[in-house]
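J.: Provided below for reference: sequence and predicted model.
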Amino acid sequence: MSVKPELKRDDLIYPDLSYKVVGCAFDVHNSLGSGHHEKYYQRALAEAFKEKGLKVIEQVFCPIIFNEKVVAKNFFDFLLDDKLIVEIKKGDNFSKRHIDQVLEYLKTSKIKLAILVNFGSTEVKVKRIVNFD
């Protein structure tokens, strides 16, 4: 029987930044409530991130390149402090499609961590997604 090693806070990627992102997501949801368009949550999150003193870049271009040519154009919602992707969705569950989308962003951008934020009908959910490449 194998035993999982116990994770320590030092093992987490960007724990302080992650904590701020999750706090901002809850602040936005507590303030706005449920049922808004995704773009309204995005605008509010941008303001919340800036209030926390984070460097925020919105709608970051993330091309897919083949043979030195751009074959697809992707944009993710936020890049924070040049090292963490935040992608927001509206709905009650994380879908495989959304998780795969974020994994693609991590792979093509070579960034180590993303946080997927899902604004649901009754709560906000967050999922940390790590790029192991």
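T.: Received, thanks.

J.: What are the boundaries of the helices in the protein?
T.: Counting by DSSP state H, the chain has helices at residues 15-32, 38-51, 96-109.

J.: now the ones you listed as TSV including mean pLDDT and mean neighbour count?
T.: From N, CA and C alone the C-beta is placed, and that goes for glycine too. Shown next, in TSV, are those (pLDDT from 0 to 100; neighbours: other C-beta atoms under 10 Å):
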stretch	mean pLDDT	mean neighbour count
helix 15-32	96	16
helix 38-51	97	17
helix 96-109	94	16
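
J.: Make TSV out of the ones you listed and add distance to Val126.
T.: Below are the helices of the chain laid out as TSV (distance: least, C-beta to C-beta, whole Å):
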stretch	distance to Val126
helix 15-32	5
helix 38-51	12
helix 96-109	12
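
J.: Compare those helices and give me the one nearest Val124.
T.: helix 15-32 (3.9 Å; C-beta to C-beta).

J.: Restricting to C-alpha, output the closest one in CSV.
T.: C-alpha atoms of helix 15-32 as CSV (Å, rounded to 0.1, in the frame of the first residue of the first chain):
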residue,chain,number,x,y,z
PRO,A,15,-0.1,30.2,-2.2
ASP,A,16,-0.4,33.9,-1.3
LEU,A,17,-1.4,35.0,-4.7
SER,A,18,-3.9,32.2,-4.9
TYR,A,19,-5.4,33.2,-1.6
LYS,A,20,-5.9,36.8,-2.9
VAL,A,21,-7.6,35.5,-6.1
VAL,A,22,-10.0,33.3,-4.2
GLY,A,23,-10.7,36.1,-1.7
CYS,A,24,-11.5,38.4,-4.6
ALA,A,25,-13.8,35.9,-6.2
PHE,A,26,-15.8,35.5,-3.0
ASP,A,27,-15.9,39.3,-2.4
VAL,A,28,-17.3,39.8,-5.9
HIS,A,29,-19.9,37.0,-5.5
ASN,A,30,-20.9,38.3,-2.1
SER,A,31,-21.3,41.8,-3.4
LEU,A,32,-23.0,41.1,-6.8
